[in-house]
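> my questions are about this predicted structure, shown below with the sequence.
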Amino acid sequence: MGHRWFCRTDEDFETFATEGEAIACADRALAAMREVACLDGWLEETSKICWGEIRAVATECDVEETCREQGCDSSNCGKMHFPQFDHTCDYQLMAPDAGE
């Protein structure tokens, strides 16, 4: 992943390599909301703007190759039989750089 910082606006979720980039994104979003507030008042979505450090992300793990052969079952090859998938896996919350 590489990007440890995020910015959430009323419309988007973006990731950044640096804290400064995330703060700048949130500042821009707030400035845009401020312009609208001058005309129509503050929008409820303004309180959704935030930035922060990403502490954990859903990361693929426990990957196992499956068997896609017709007529095969687990007893023939020792693999789980899922003709529609190349592999099975799980996801765990891990630090952003844990999988690298």
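Sure, I can see it.
> all contacts plus neighbour counts: C-alpha atoms, from now on.
OK.
> what pairs with the residue positioned nearest the centre of the chain across the strands?
Nearest to the geometric centre of the chain sits Val57, at 6.2 Å (CA atoms, centre = their mean). Note on Val57: beta-bridge partners by DSSP bridges are Met94.
> tell me the contacts of it?
Applying CA atoms under 8 Å, 6 or more residues apart in numbering to Val57 gives the contacts 92-96.
> just the strands from the chain, written as ranges.
For the chain, the strands defined by DSSP state E cover 5-8, 13-16, 50-53, 57-65, 87-94.
> export these to a markdown table and tack on distance to Ile23 and mean pLDDT?
Listed next are the strands of the chain as a markdown table, based on distance: least, CA to CA, whole Å; pLDDT from 0 to 100:
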| stretch | distance to Ile23 | mean pLDDT |
| --- | --- | --- |
| strand 5-8 | 7 | 97 |
| strand 13-16 | 10 | 96 |
| strand 50-53 | 6 | 98 |
| strand 57-65 | 20 | 90 |
| strand 87-94 | 24 | 91 |
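> which of those sits most buried?
strand 5-8 (a mean of 22; mean count of other CA atoms under 10 Å).
> mind giving me the packing neighbours of that strand?
In terms of contacts (3 or more CA pairs under 8 Å, 6 or more residues apart in numbering; DSSP states H and E), strand 5-8 is packed against strand 13-16, helix 19-40, strand 50-53.
> need the strands of the chain in TSV with distance to Ala32, can you?
Formatted as TSV, those follow (distance: least, CA to CA, whole Å):
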stretch	distance to Ala32
strand 5-8	14
strand 13-16	16
strand 50-53	14
strand 57-65	29
strand 87-94	33
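> who wins for proximity to Trp42 among those strands?
Trp42 lies closest to strand 50-53 among the strands of the chain, at 16.0 Å (CA to CA).
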